[in-house]
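S.K.: Just the structure for this:
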Amino acid sequence: MQEQTPHAETTFALDRVTFRVPGRTLLHPLSLTFPTGKVTGLIGHNGSGKSTLLKMLGRHQPPSAGEVLLDGQPLESWGSKAFARKVAYLPQQLPPAEGMTVRELVAIGRYPWHGALGRFGAADRESRRGDCAGGAEAARSSSGGQPLRR
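M.R.: A predicted model of the protein is given here:
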C-alpha cells in the first residue's frame, strides 16, 4: 500500500472504503492512492476483493462505507459522459455479444467521444508500429476466453 499523496498527483484515491454483503465483509476499511502515470497491480487470493475494488472504481458497485475519489472529486459527482471519457472498464466476463469482434468492442468504448450515431473513423483506427505485439491478430482475438468472432 502507498502513502497518501496530494490528489493532483493521483487518479483514484480511496478513503476508508469498505464493502459488505449480508454476513460478510469483502473489503475491510482501505485507504489507497493510485499515482498518475503509474501502473498499479492488484494481487491477492480468490475472494480477497480485487474484482470488487475494480467494480467500485468503475462505478459498477458503490462502497458500503468510505469515499472513492477520481482526480480529487467523489465518483458520484462525475457525470456519465465525463466519467466515461476518463475511465474505461472491461470486465473479464462479457455479456453475450454474438458475432462481435474485438475491434467492434473497442469501437463501443469510443462512444463517449462519438455519441450513439458516431463513426469509428480513420483517427480511431490509426495504429503505431510496435504498439501491439501480434498486430492484426491481436485486433481480432481476445484473452480470457471471450467468444468474440474473428
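S.K.: Report pLDDT for the residue of the chain most remote from its centre.
M.R.: Distance to the chain centre peaks in the chain at G23, reaching 27.7 Å (criterion: C-alpha atoms, centre = their mean). Model confidence at G23, given as pLDDT, is 92.
S.K.: Helix or strand with the lowest mean pLDDT in this protein?
M.R.: Within the chain, no helix or strand scores below helix 136-140, which has a mean of 49 by mean pLDDT, DSSP states H and E.
S.K.: Where does pLDDT dip in the chain?
M.R.: Counting by pLDDT under 70, the chain contains low-confidence ranges at 1-8, 115-121, 123-150.
S.K.: Once you drop chain neighbours, what's closest to the spatially most central residue of the chain?
M.R.: Centroid check for the chain by C-alpha atoms, centre = their mean gives Y89 as the closest residue, at 2.9 Å. Excluding the flanking residues, the one nearest Y89 by C-beta to C-beta, 6 or more residues apart in numbering is G58, at 3.4 Å. In this view, the C-beta of every residue, glycine as well, is placed from N, C-alpha and C.
S.K.: what's the neighbour count on that neighbour?
M.R.: 15 (other C-beta atoms under 10 Å).
S.K.: and what of F19?
M.R.: If you count neighbours by other C-beta under 10 Å, F19 ends up with 21.
S.K.: Wait, it touches H60, no?
M.R.: No. F19 lies out of contact with H60 (C-beta atoms under 8 Å); the separation is 11.9 Å.
S.K.: excluding its backbone neighbours, what's nearest K86?
M.R.: L70 (6.6 Å).
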